[in-house]
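# just coords:
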């Protein structure tokens with residue numbers, strides 16, 4: 001009867017494969033969780049309020065004003081804020 005012997009190479013190979021499989025499994029699980037979190041966030045871009053974005057709009061420019069934003073403004077808008085938002089994506093904001 002022959003006896004099975006494992007040298008350091010076999011043990012090293014088994015240890016490396018275990019580590020690799022744990023790494024790949026962890027990476028897969030993280031990817032799965034991130035994709036589910038992205039789907040839960042909705043089908044529109046982050047800066048858009050509900051119903052504002054259109055997947056077929058290639059540049060995804062939102063309408064002007066705080067009503068078109070996903071998160072409300074931190075303070076009330078004045079006419080300068082409104083004019084600056086309306087000027088986007090122009091290169092020069094209004095000169096108030």
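Sure, I can see it. Nothing here was measured: the structure is a model prediction, and the numbers come from that model. Residues are numbered from 1 along each chain as shown.
# what are the ranges of the helices in this protein?
Secondary structure of the chain by DSSP state H: the helices cover 8-40, 79-87.
# Could you dump these into CSV with mean pLDDT added?
Formatted as CSV, the helices of the chain follow (pLDDT from 0 to 100):
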stretch, mean pLDDT
helix 8-40, 79
helix 79-87, 85
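# Put together a markdown table for those, with distance to residue 48 on each row.
The C-beta positions use only the backbone N, C-alpha and C, and glycine is treated the same way. Putting these into a markdown table (distance: least, Cβ to Cβ, whole Å) gives the following:
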| stretch | distance to residue 48 |
| --- | --- |
| helix 8-40 | 15 |
| helix 79-87 | 14 |
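# ranking those by burial, who's on top?
helix 79-87 (a mean of 14; mean count of other Cβ atoms under 10 Å).
# ok, back up a step: which one, of the helices of the chain, ends up nearest to residue 64?
helix 79-87 (4.2 Å; Cβ to Cβ).
# May I have the phi/psi pair for residue 75?
The phi/psi pair for residue 75 (degrees, to the nearest 10) reads phi -140, psi 170.
# Tell me how many other residues surround residue 74.
Applying the criterion other Cβ atoms under 10 Å, we find 5 residues in the vicinity of residue 74.
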